[in-house]
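# I would like the atomic coordinates for the input below:
(4 chains)
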Amino acid sequence: MTHATLLAAAGEITSTSTGEAAVFWILAPIAVLAAVGMVLVRSAVHCALLLVANLFCVAVFYMVQQAPFLGFVQIIVYAGAIMVLFLFVLMLVGVDSSDSLVETIRGQRLGAAIFGLGFAGLLVFPIGSAIDGGSAKGLDKANEGGNVQAIGRLLFSNYVFVFEAISALLVVAAIGTMVLGHREREGGRVGQREWMRRRFTEPGRQVTPLPGPGVFARHDSADTLGLLPGGGRASGIGGIPGIPETAEEPGVTDLPGGRAASDTPDTPGAPGTPGVSDGPGSAGPGGPPGSRGPDRPDRPDRPGGTTPGAPVPPAPTDGAAADGGAGGAEPVDVNGSALAGAGKGDER
Amino acid sequence: MRVDPVLLAATEPGGQPIHYAAASGVFSLSWLVIVLPLAGAAVLLLGGRRTDRVGHIIGTLAAAASFVLGLVLFATLLGRDGDDRALSQHLYSWIPVNGFQVDVGLLVDQLSIVFVLLITGVGTLIHIYSIGYMAHDPNRRKFFAYMNLFLASMLLLVLGNNFLSLYAGWELVGLSSYLLIKFWEDRPAAATAANKAFYMNRVGDVGLALAIMFMFATVGSTSYADVFGAAAAGVIGYGTLTAIALLLLLGACGKSGQFPLQAWLPDAMEGPTPISALIHAATMVTAGVYLIVRAGPIFDGTQAARTVVVIIGAATILIGCVIGCAYDDIKKVLAYSTVSQIGYMFLAVGLGPAGYALGIMHLVAHGFFKAGLFLGAGSVIHGMDDDQDLRHYGGLWRYMPITWVTFGLGYLAIIGFPGLSGFFTKDRIIETAFDKGGTSGYLLGSIALLGAGITAFYMTRLFLMTFHGKPRWSSEGPAAKHPHESPVSMTGPMVVLAVGSVFAGGLFVLGHSLQDWLEPVAGTGVEGVHTFSPVVLTLLTLVVTAGGFAGAYLRYQMRPVESVARPDTEVSLVTFAARHDLFANTFNETVAMRPGQYLTRFLVWLDLVGIDGLVRGSAAAIGGLSGRMRRLQTGFVRSYALSMLGGAVLVVGALLLVRAG
Amino acid sequence: MNTVPWLTILLIVPAAAAVVVAALPRRHATLAKQLTLAVTLAVLVLAVIATFAYDPDKAGFQFGQSYDWISTFGISYSVGADGISLVLMLLAALLVPVVVLSSWNEVDGEAAGGGRVPAPTAVPDRGTPGGSAGGAGPAVDVEGIGPVGGAGGAGGAGGVGGGAGGATAVLAAPAPARPVTFPPVETRGEAETPGRRSVPAFFALLLALEAGMIGVFAATDVFLFYVFFEAMLIPMYFLIGSYGPVKEQAQRSYAAVKFLVYSLFGGLLMLAAVIGLYVVSADNLGHGTFDFATLRQMEITPGVQKLLFLGFFVAFAIKAPLFPFHTWLPDAGAQSPTGGAVLLVGVLDKVGTFGLIRYCIPLFPDAADYFAPMVLGLAVVGIFYGALLAIGQRDMKRLVAYTSLAHFGFIALGVFAFTSQAGTGAVLYMVNHGLSTGLLFLVVGFLVARRGTRDVGAYGGLAKVTPLLAGVFLLAGLSSLALPGTNSFVSEFLVLVGTFTANKPLAIVATCGIVLAAIYVLYLYQRTMTGPIVHPENKVLHDLSLREKLVVAPIVALIVALGVYPKPLLDIITPTVTATYADIGKSDPAPTHPAAAHPVATQPGGHS
Amino acid sequence: MNPANYLILSALLFTIGTVGVLVRRNAIVVFMSIELMLNAVNLTLVTFSRINGTLDGQIMAFFVMVVAAAEVVIGLAIILSIFRTRRSASVDDVNLLKY
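Alright, predicted model coming up:
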């Protein structure tokens, strides 16, 4: 579709409200469903995709409402650029992470439901009763000579200062992002030699190449449990220090080092690795970090029964983090709740 | 501001205006009478230890100078016409606030000059006496300063030409009295007694203050001229007049130690003896009598108040007499004697114009003999190393002859020995009481008569136990006593006062000299029908007195006196009660002091726990509430978001409601 | 002479001096003292000159000045003096140099004393666990608070107090530059102990307080008044919180916060009323204004009047304080440094009573009339309540503070009796109370400085050791119990006689209060000055020093002088008070049987 | 068809977005929910623009989009930097600022 035809289509739809109604009644449920799905679905990636769907629907609504410029901007900027940015960050954070949908704040869901329904009711019913759409003036006159041109005229006349301010905002946002994203380098530039030296000297570093996709055991060592293809885990092997075969606390049954979840390379963890077994994780539930860890009777178990993350105190610095799985797909939210619980317990 | 205070006038009942002539000539210096001792006090107090060595001289000179000036005023007054002897001097405007105009002004008239002479005269004598009596006290300068202050205050009291000046003097003599009672401050008893005196005086002062307020509210002025003018003109309602009179009486009772405010006076004997003589016998305590006489026009208008005066006087006579019989402390006996003698004066002035002059006469005579008695007692105490217990005396006449003689004269005067001052003045009071007529006249007269008898009894007891009988002290051993006659500076005044005690009464009564002198102020009593002929009554009085004397003589001279009083458990109920001031202190403590203490304690508790507790409680409640509400701040962004949404719902809902409504 | 902007000068001089003194480094303590004394004396001289320049017979405000400040809201810098405010400014100007002189060594001395006390024992007597926060410097434990230390409920408030007190210590200190003479390490170490107090800051606070006090009396713009009303709190807060008794960190913080919270609460109500006044004026006049002279001409509907009156009244009743709002006063009085207590009770609290007669009555005549019985009742209750509590106190400063409660009862009684005598008496009472209670606080302060405790039981028999001190103490007490010949008598009698003409029963009851006055004064004197000396420490106390004599001399002289000849002050006060009551249509009740009928008599009463 | 339907739709979307913010813990998803809300608002703006016959609503929506873009950029940067230190993208983990 060319620009012109789209514009024409927009005009037509306005005039023939049956067409518009058809579009609306088809797309509106989709938009709502996509939105609801976005809220409900567990995987963040799915969320993003559902949002994109929603954005597309809305873009179409823009177009049918004689705002083709906005409709395209919506598709290009929103559905395109911004959502890509979202996905990007999602990847950085961990693409596999799915949210636990178990609520940890008491009454949050109930409140959200009540207030949400109330809010919707308050918004919807008055609108439904108050606004008489028949009196819509339509934008035919305003869009004379083209929607883009009309918007441009307005933008550079009435709204020029706002426009400038907004552009300044964009610049500031760009700079701000750089500032936020910047990490001060500690020490001098690290050369290749140094990198290699570190790879072998620093404890917990992966020396061998990481396994390829589909390989679920990263180590062939006995203390590292593999993740079974079905998502379950291999049974623990007794006698290995730091791995209790049976523990009362489901949350601390497995140590991070023993998880077969794929570690991102920058994860230093793996305290369960022999030779570094004096790491915090190996101390088990009674160890120093355990003083926070076990204190979580309210901790939600994973619905799927998958490995929960070990309770580990939030490490202030990168390298000290004992949670090997933090960078992995699953442990993110579990860790999160663990941390939340830990934080709470601490405060009490 | 008042421009010309020179001519103050009041209307007499007959409509005859009497003028308070403007003070001129020597009278324009009458303020010096007050200022001289005041200056003495100021110099001594401000001069500090520098004036230690000359303190007594300055003090005495100031008093003497005041006395001399008083004499000059008196002499000049004598030279004037009888109706022209009231002179008013306006000094300056003291409290001018619109309708409330109070000046500091002086009124020199027949009444006040009598008091001036009494105060400064006796005062000077006692100053002289104190030079010797206080010779060894390190704070003698302060003592004289306070005495001077007292003289100034007392003179202000009697010389002021309005009630507020009188009130000022009234409270200031209370202050001087307080200062002097607690002169030996390190004795807790003295400090307590001083406080008690001040408190009870303040109760009386409330009455006086309220009376003044009543006057202002009624007459719009507090000056004698205006108030008496209105009172005499009969424009003030009877009720108001009675109220004013009763309030004045309350003040008088407080100051003069009359029932029901008599309890402080005996305690005040904790002060040095000269003070007891000057303030608590001769001058200050008689201020109540002065007040009633001065406010005669008010009392004249209200029979009810006058009846109360008479009742109080009569009651006090008996109370003083009865308790006086029981005490063994020489000064306390004298103190209760004072109480009862002032009761006589109250009785007299309560009888109306007929008694005013009699009251004053008895007052002056009492000033002489009671001061003399106290000084004598002081001399005895001085000689007995500050022992005040009668039971430790005995046979002292041999060792202190001058004291014996002067004390004896005073003693004879007070019991009304024929020819001595008490005989004349007291006799007349009894006579007038009977003359009042009716049952009440008989009753009052009988009480006065009975009082005379009891007075004779306890004074004889005092005298005999002190100077006669076997000595109940020893000149050896650890408690050795060496009684000795006092120095001339002490005996001199005693002699003078003894002479006064002997002759004052006769001087005043015979030929009605004082009565005539006071007549313009006090009015004349109508010579009513005598209930008894004066001769009969005199004889009757003498018989009763002799009876009292005989009783005491038989009991305390013919029989040996124990040197230790019998314990309370072995004495009769009457004696027990008398020894305990007829339970006046017990009464005061039960009715006023203890409830007051409990109330105070309760209020302290209430303030701390109740009112402040309310405040602190609310603070704590807020603190606790915020401690709970703090928990809402969970740190979870989503909770905050939820509350934001809630707020939004509320706002939108409210908007819709408002719009819909 | 009337063109000279006296009030602005009086206001600016101490304010500027406060800034200068505050900027002085700590080591220039002596300079700070001398400078402060010089400035305050200069202010006194200026105030006296201004008093002479004042013409009592002229109606309205004099020395008036007015400049727009926030013209949008009709707020202006307006000052002016009438008879009432002038004498109070005079009182303030008089008391501040006295206080400066009396506090000459107080801060240094305590600093030395505090320095010697090891930090952990600085708060030794806190009963509650975790109480000793001395080591942590100004921080104060939450639990152990309050002079009564009881009622667990007090914890919250005390915690606030403690925290703020800590802030106080920090805040009061920084004004002077970090001392250069001390090695940095030592400075840091010493700053932790509560005893190290800045001398220049103390005197700067006094100067600031003086400026605030003069400002609050001088303001003729209601909003300006409010600003000064609140501004005064700040220096006082620091004076109590930072310069109170060294060893009673928690109590003084508690007292300071209590004082502040009470005052702010009242101030808040007043602010609401002030704004309400503005709104009403906007409704009535078309344009809102805060100008007092304009506002008092305004007719306000009775209902609104009542609300606004209550707003002002509660603020003033807290400030004064009147009976149920008083509990901050004993704490503040006891925990202030001596000079602070003198100014607090002597002048600061007068703002309350001043506000009653200056603002409450002329602005809201109907409401004043309506609420008068309530106020009179509170006043009379206060007279007795304060007196009885004073009798029951063992802490001398608290005792004096409670006596003030009784005196404020008298003042309020006079103000709301609506007769010119009572009103004049009340205003005169404000001055006299400043003098007599000020002197009483000073003398008690001297005692406490010598002996280190406020407990009455620690004294006794001092008259023998320190006769001059005892004498001054007695004189102050006598003035407090309104003995004729002292200043207070004139005012108290005026109040009573004025009240009597308007309301006999009330006056009769109130008059009975003078007996209690005698009891609390003389009972205190008896316990401290008379009797044998039971505590050997008391045998070596020294009598008044030359500096102390200089401190008390002017007050003693004034107490006597004003008792004997109060006319100059009365002449200044009477016209203003009379006009105030005339304005609201109150006149003195005429005597029932006036002596005026008489040909020659004193001025007839009841003509005003 | 009544353009008010768009408004109702946008109200629903907005509410869903709000609920999403409230119930989701993953910061990124929360962000998406916010985007959803912004979109709902934009839809309103556009609809009103149409109803009123002026383009101001569209301009406003345009600005909202730009601001949203800036916000997303900054917000994601913040999420990243938090993630770096705390290894978590859960909004519940960032709860140190509390009583």
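
# around chain B, which positions in chain A sit nearby?
Residues of chain A lying close to chain B by C-beta under 8 Å from any C-beta of the partner chain are A:105, A:108, A:111-112, A:115-116, A:118-119, A:122-123, A:126. Any C-beta I mention is one placed from the backbone N, CA and C, and that applies to glycine too.

# recalculate using a threshold of 6 Å.
A:105, A:111, A:115, A:118-119, A:122, A:126 (C-beta under 6 Å from any C-beta of the partner chain).

# and of those residues, the nearest to chain C?
residue A:105 (27.9 Å; C-beta to the nearest C-beta).

# shouldn't that closest one be within a helix?
No: counting by DSSP: H, G, I helix; E, B strand; the rest coil, residue A:105 is not found in a helix; it is coil.

# give the contact list for it.
B:636, B:639 (C-beta atoms under 6 Å, 6 or more residues apart in numbering or on different chains).

# same thing with residue C:372?
Contacts of residue C:372 by C-beta under 6 Å, 6+ apart are residue C:416.

# and it, what element?
helix C:365-391 (DSSP states H and E).

# report the mean confidence score over the helix or strand that that helix is followed by.
Downstream of helix C:365-391, the next assigned helix or strand under DSSP H and E is helix C:396-415. Helix C:396-415 shows a mean pLDDT of 92.

# show me the contact partners of helix C:396-415.
Under C-beta under 6 Å, 6+ apart, the answer for helix C:396-415 is C:320, C:322, C:326, C:329-330, C:333-334, C:345, C:353, C:356-357, C:375, C:379, C:382-383, C:386-387, C:389-390, C:393, C:422, C:425-426, C:429, C:433, C:437, C:440-441, C:444, C:454, C:456, C:480, C:492, C:495, C:499, C:510, C:520.

# got the confidence number for residue A:30?
Residue A:30 is given a pLDDT of 93.

# state the distance from it to residue A:61.
Distance of residue A:30 to residue A:61, computed by C-beta to C-beta, to the nearest Å: 11 Å.

# which of the two has more residues huddled nearby?
residue A:61 (28 against 14; other C-beta atoms under 10 Å in any protein chain shown).

# next SSE downstream of whichever helix or strand the more buried one is part of?
Assessed by DSSP H and E, residue A:61 sits inside helix A:44-64. Moving toward the C-terminus from helix A:44-64, the next helix or strand (DSSP H and E) is helix A:68-73.

# let's see that next one as PDB, backbone CA atoms only.
Output of helix A:68-73 as PDB, limited to C-alpha atoms (Å, rounded to 0.1, in the frame of the first residue of the first chain):
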ATOM      1  CA  PRO A  68      -2.200   8.000   9.100                       C
ATOM      2  CA  PHE A  69       1.000   9.700  10.100                       C
ATOM      3  CA  LEU A  70       0.700   8.700  13.700                       C
ATOM      4  CA  GLY A  71      -0.300   5.200  12.600                       C
ATOM      5  CA  PHE A  72       2.900   4.800  10.700                       C
ATOM      6  CA  VAL A  73       5.000   6.400  13.400                       C
END
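
# show me the contacts for residue B:155.
B:33-34.

# identify each buried residue in whichever strand or helix holds it, please.
In the assignment (DSSP H and E), residue B:155 maps to helix B:140-159. Counting neighbours by 16 or more other C-beta atoms under 10 Å in any protein chain shown, one finds that the buried residues in helix B:140-159 are B:140-159.

# nearest to chain C: which residue in chain B?
For chain B, C-beta to the nearest C-beta, closest residue to chain C: residue B:623, 1.8 Å.

# assign that residue to helix, strand or coil.
Residue B:623 - assigned by three-state DSSP - is helix.

# from residue B:629, how far off is it?
11 Å.

# swap in residue C:492?
Taking C-beta to C-beta, one finds residue C:492 at 49 Å from residue B:629.

# okay, these two: which has more neighbours?
Taking neighbours as other C-beta under 10 Å, residue C:492 and residue B:629 compare with residue C:492 leading, 32 against 10.

# now do the contacts for residue B:266.
Counted by C-beta under 6 Å, 6+ apart, residue B:266 has contacts B:332, B:335.

# give me the pLDDT value at it.
At residue B:266, pLDDT is 85.

# what helix or strand does it sit in?
helix B:264-267.

# export that helix to CSV, keeping only CA atoms.
Output of helix B:264-267 as CSV, limited to C-alpha atoms (Å, rounded to 0.1, in the frame of the first residue of the first chain):
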residue,chain,number,x,y,z
TRP,B,264,-0.2,33.5,114.6
LEU,B,265,0.4,36.0,117.3
PRO,B,266,1.7,33.7,120.0
ASP,B,267,3.9,32.0,117.5
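
# for the helix or strand following that helix, name the packing helices and strands.
Helices and strands here follow DSSP H and E; after helix B:264-267, the next one along the chain is helix B:273-277. When contacts are defined as 3 or more C-beta pairs under 6 Å, 6 or more residues apart in numbering or on different chains; DSSP states H and E, helix B:273-277 packs onto helix B:110-133, helix B:353-383.

# winner for burial among these?
With neighbours taken as mean count of other C-beta atoms under 10 Å in any protein chain shown, those reach their highest mean count in helix B:353-383, at a mean of 28.
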